[in-house]
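Peer 1: structure, please.
(3 chains)
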Amino acid sequence: MEINNNNKPNNLAERAIFSRRESKFLSELNIMQREAVETVDGPLLVLAGAGTGKTRALTARIAYLIENKYAKPNQILGVTFTNKAAQEMKLRIAKYLGETVEGMPWLGTFHSIGAKILRRHAELVKLKPNFTILDTDDQLRLLKQLISFEKIDEKRWPARSLAGLIDHWKNNAWIPDKLPPTEVNKFDGKGQKIYKLYQERLRILNSVDFGDLILFPILLMQSNNELLEKYHNIFRYILVDEYQDTNVSQYLLLRLFAEGHKNICCVGDDDQSIYGWRGAEVKNILSFEKDFANSKIVRLEQNYRSTPHILGAASSLISANSSRLGKKLWTNISEGEKVRLINHWDGNDEARWIGEEIESLGFGTRGMKPFLYNQIALLVRASFQMRTFEERFIQLGLPYRVIGGPRFYERKEIRDAIAYFRASISFDDGLAFERILNTPKRGFGDKSMQILNELAREQNIGLMSAAKFAIDNGKLPSKLTIELDNLLKNFKRWNSDFFDKSKKHTEVAEMVLDESGYTEMWQSEKTPDSAGRLENLKELIKALDEFENMQGFLEHISLIMEMETDKDIPKISIMTLHAAKGLEFPVVFLPGWEDGLFPSQRSMDQKGKIGLEEERRLAHVGITRAEKYCVISFASNRRIFNQWQNTIPSRFINELSEENIEILESQNAFQSYSDGWNRTNEKDQILNHNNYNSPGWKRMSSKIQKKNFSLNKEFAPFIASIPENFNKGSRVFHQKFGYGIIEEINSDNVKVIFEKSDSKDIKASFLIHEDDV
DNA sequence: CCAAGGCCGGTTTTT
DNA sequence: CCGGCCTTGG
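Peer 2: The predicted model follows:
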């Protein structure tokens, strides 16, 4: 087989190095992956289907570039969409190159790289280098102010939709003065005006929003040739992950950078483009060849992840889409399970069934070895679907975690604390100041807040400066003036403490929370969750400890909203299909395949066929997450807006190729259409259902009982004996308690000392030998 | 100024 | 069923 060798170094010494390294990571690659790695110069598009080793190729490419001295680590621009992806890539590169790789400063998300560039040249766009990055909450607060200043009815023109609009404009790299005519008059005819005001206000607050992190670097590079050349010199090689998700702005920025060495390598999969709604342009990947002259395309089509049945089902589904570049995924993984399809009576039954199925999978069922809970994922279309499952799993005692759920940094107490830190670090950060001005209660209500905000606007200054002004000019009642003066003095002190190198930032942070009365506020509150909030604050300080200083930490959290939580116990992952992209699991459940829910009615209404195709890609992403076992389910009834609705199966179900599907026997009650359920009034339905009196439920519950019985029988022989490889000292695994060492064995009971818990007497059947895990 | 209670409206996906 | 927003009463 011929491989593109054009770019291999030629002198002997380098070739010697090359051949040595080659064995290290190139040998793990297939022909096409190698081509993606070794086609070093010029624009390259790698079309990589799901599970085809995209990340492997990408990281090998970076390692290859460094190893063969095409570029130093700091001359490679590597862009990903999530911090997780960036993190993983760094780890893998380090593994390829040995432990000695120094960090790659330009490997990160679009937004973090944008922020880095912008901090270096903030003055050029009239910002200070320590600008704050607003989160959605702050942004909304600011927009609300503007909307009310403009006397716009917020009921009809909500801040949220304005935020969406501005986001949309920034995704397209439209600055206020260059809005297309069609956009100018959106939002009650005042779109452009408010956009301008908003940017003006951001500048005064020394803040940027997410969109600015891409937009400003573009403006910088477009308006300053010298600067652009400087970056051309730095970025000798550019790599982009998930290219199908880039929006116009991101594309423009990449293009500006790529004009230098023209070494841009984009990796993506048009079939996994699922972010059209937030500005991603599939067009970018579809027109790569046109956009970058003399480009080359490499296709990765060998799938290493899924069984042929899973792959077959996914391929048949996605083939219903018309706008595709087209790929044929194949695998040489041998036959596995077919994709299962099951219908349920309603959402609760679906959750009940999946709960049971997961329990069975934990022991080994359907001829498969037992799975650990962290090998199992539940992927839903919309987050409201999660709750039913959570409730069910709690009842069953199944450990789970919600990915992308309520996030640590979004909790009230954490955001409050951070607002204190932000206002301490930057006196321009009026939004942070506004947030905590009356938290804890200091007697500032709507009235005084309004006075301050008006002052800020009149004088074109930030809220803290406005506060100072109000004190000096007696704009507030004396009581508030004293209070405010006190607070400002505190902030001054905290500020110098944070910048005092002899003081530890974590201690200053604790001091800020204590002296401001914030900790006390929670201590004196007796609601059940106030203790938890104090715990969270401690966690926050702990997280803070991992950073050099407060600025570093604030930068981190504005870009990363996630935090590592305990992962000692394997947990079922519950997440949206969107959040699942890039991940893989041995077992995947895909519930809720009903028309209107999935595909989502809203997507179809808004964007018609385009929307439907994106939904289909989402389904394709879902199925292709699965390695060994994939279950698709749909319910005949679902409660939406607290109303029971008859639902029809998702049109995607009929697009699955039959030979890859096995239909599981369900306890469904389609018959119910004729047994009086259909046209009874809503109340009766709910009543019936809650009381579990319906014929459908009775029928079902008897089946469940039978099923439980037979399950236990199946387990009987399993329970009776102790596996051969269980000995004193063996390391074993338990789904709930994690790993432990066997201390004693008596008949079928085993005493285990768990690493993360005490010792326990446990039936051997609940344990798995570590070798079998 | 604040806390509590009632009412309405909205629920896709997020760096 | 939840949260945001408004009204009401202290």
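
Peer 1: use CA for all of it now, contacts and neighbours both
Peer 2: Will do.

Peer 1: what's the neighbour count on A:Glu627?
Peer 2: For A:Glu627, the tally of surrounding residues (other Cα atoms under 10 Å) stands at 23.

Peer 1: ok, now A:Asn746?
Peer 2: Around A:Asn746 there are 11 residues (other Cα under 10 Å).

Peer 1: pLDDT wise, what is it at?
Peer 2: At A:Asn746 the predicted local distance difference test score is 75.

Peer 1: ditto for the one 3 residues further on
Peer 2: The predicted local confidence for A:Asn749 comes out at a pLDDT of 75.

Peer 1: how about stretch A:640-655: buried residues?
Peer 2: Across stretch A:640-655, burial judged by 16 or more other Cα atoms under 10 Å covers A:Thr647, A:Pro649, A:Ser650, A:Phe652, A:Ile653, A:Glu655.

Peer 1: cool, and stretch A:175-186?
Peer 2: A:Ile175, A:Pro176, A:Leu179, A:Glu183, A:Val184.

Peer 1: stretch A:454-470 too?
Peer 2: A:454-456, A:461-470.

Peer 1: dump it to PDB, keeping only the CA atoms.
Peer 2: The C-alpha trace of stretch A:454-470 is given here as PDB (Å, rounded to 0.1, in the frame of the first residue of the first chain):
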ATOM      1  CA  GLU A 454     -29.400  55.900  36.200                       C
ATOM      2  CA  LEU A 455     -26.300  57.600  37.500                       C
ATOM      3  CA  ALA A 456     -24.200  55.000  35.800                       C
ATOM      4  CA  ARG A 457     -25.900  55.600  32.500                       C
ATOM      5  CA  GLU A 458     -26.000  59.400  32.700                       C
ATOM      6  CA  GLN A 459     -22.300  59.600  33.500                       C
ATOM      7  CA  ASN A 460     -21.300  56.700  31.300                       C
ATOM      8  CA  ILE A 461     -19.600  55.000  34.100                       C
ATOM      9  CA  GLY A 462     -19.700  51.600  35.800                       C
ATOM     10  CA  LEU A 463     -22.000  50.800  38.700                       C
ATOM     11  CA  MET A 464     -19.200  51.000  41.300                       C
ATOM     12  CA  SER A 465     -18.100  54.400  40.100                       C
ATOM     13  CA  ALA A 466     -21.700  55.400  40.200                       C
ATOM     14  CA  ALA A 467     -21.900  54.300  43.800                       C
ATOM     15  CA  LYS A 468     -18.900  56.400  44.600                       C
ATOM     16  CA  PHE A 469     -20.500  59.300  42.900                       C
ATOM     17  CA  ALA A 470     -23.800  58.800  44.800                       C
END
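
Peer 1: looking at the buried residues of stretch A:175-186, which is nearest DNA strand B?
Peer 2: For the buried residues of stretch A:175-186, the minimum distance to DNA strand B (Cα to the nearest atom of the strand) is 17.4 Å, reached by A:Ile175.

Peer 1: ok, and the closest non-adjacent residue to that closest one?
Peer 2: A:Trp169 (7.4 Å; Cα to Cα, 6 or more residues apart in numbering).

Peer 1: secondary structure element holding the one you found?
Peer 2: According to DSSP states H and E, A:Trp169 maps onto helix A:159-171.

Peer 1: how far does stretch A:263-275 sit from the chain's center?
Peer 2: 17 Å (Cα atoms, centre = their mean, to the nearest Å).

Peer 1: got the end-to-end distance for that stretch?
Peer 2: Taking Cα to Cα, to the nearest Å, stretch A:263-275 runs 26 Å from one end to the other.

Peer 1: if we can go back for a sec, just flag the most distant two among the buried residues of stretch A:454-470.
Peer 2: Using Cα to Cα, these span at most 13.5 Å, a distance reached by A:Glu454 and A:Lys468.

Peer 1: contacting residues for A:Lys262?
Peer 2: A:Asp41, A:Gly42, A:Pro43, A:Tyr237 (Cα atoms under 8 Å, 6 or more residues apart in numbering).

Peer 1: helix, strand or coil for it?
Peer 2: coil (DSSP: H, G, I helix; E, B strand; the rest coil).

Peer 1: how about the residues of the stretch 51-200 of chain A near DNA strand B?
Peer 2: Counting by Cα under 7 Å from any atom of the strand, the positions of the stretch 51-200 of chain A adjacent to DNA strand B are A:Phe81, A:Thr82, A:Asn83, A:Thr109, A:Phe110, A:His111.

Peer 1: ChimeraX command for the buried members of the residues you listed?
Peer 2: The ChimeraX selection below is limited to those of those classed as buried (16+ other Cα under 10 Å):
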select /A:81,82,83,109,110,111
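
Peer 1: which stretches in the stretch 551-700 of chain A count as helices?
Peer 2: Along the stretch 551-700 of chain A, counting by DSSP state H, counting those that start in this stretch, helices occupy A:577-580, A:601-624, A:682-691, A:695-720.

Peer 1: can you name every helix or strand that the shortest one contacts?
Peer 2: The one in question is helix A:577-580. Judged by 3 or more Cα pairs under 8 Å, 6 or more residues apart in numbering; DSSP states H and E, helix A:577-580 is in contact with strand A:376-380, helix A:601-624.

Peer 1: ok, back up a step: tell me the least confident of the buried residues of stretch A:640-655?
Peer 2: Confidence by pLDDT is poorest for A:Thr647 among those, given 84.

Peer 1: phi first, then psi, for it.
Peer 2: Phi and psi for A:Thr647, reported as degrees, to the nearest 10, are phi -120, psi 160.

Peer 1: thought it was touching A:Asp595?
Peer 2: Yes - between A:Thr647 and A:Asp595 there is a contact at 7.1 Å, judged by Cα atoms under 8 Å.

Peer 1: now for the residue in the stretch 251-400 of chain A positioned nearest to DNA strand B, how many residues are close by?
Peer 2: Using Cα to the nearest atom of the strand, the single residue of the stretch 251-400 of chain A nearest to DNA strand B is A:Ser383, 3.4 Å away. Using other Cα under 10 Å, A:Ser383 has 15 neighbouring residues.

Peer 1: before we move on, what about A:Asn536?
Peer 2: Residues within reach of A:Asn536, counting by other Cα under 10 Å, total 17.

Peer 1: hmm, A:Asp416 and it touching each other?
Peer 2: No - between A:Asn536 and A:Asp416 there is no contact under Cα under 8 Å: 11.8 Å.

Peer 1: report the rounded mean pLDDT for the longest strand seen in chain A.
Peer 2: The longest strand of chain A (DSSP state E) is strand A:626-640. For strand A:626-640, the mean pLDDT works out to 90.

Peer 1: and it, which strands flank it?
Peer 2: Paired strands of strand A:626-640, with direction, are strand A:339-346 (parallel), strand A:585-590 (parallel), strand A:643-646 (antiparallel) (DSSP bridges).

Peer 1: got a markdown table for the ones you listed, with mean pLDDT and distance to DNA strand B too?
Peer 2: Shown next, in a markdown table, are these (pLDDT from 0 to 100; distance: least, Cα to the nearest atom of the strand, whole Å):
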| stretch | mean pLDDT | distance to DNA strand B |
| --- | --- | --- |
| strand A:339-346 | 90 | 17 |
| strand A:585-590 | 95 | 15 |
| strand A:643-646 | 78 | 9 |
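
Peer 1: closest to A:Phe754 out of these?
Peer 2: Nearest of those to A:Phe754, taken as Cα to Cα: strand A:585-590 at 25.8 Å.
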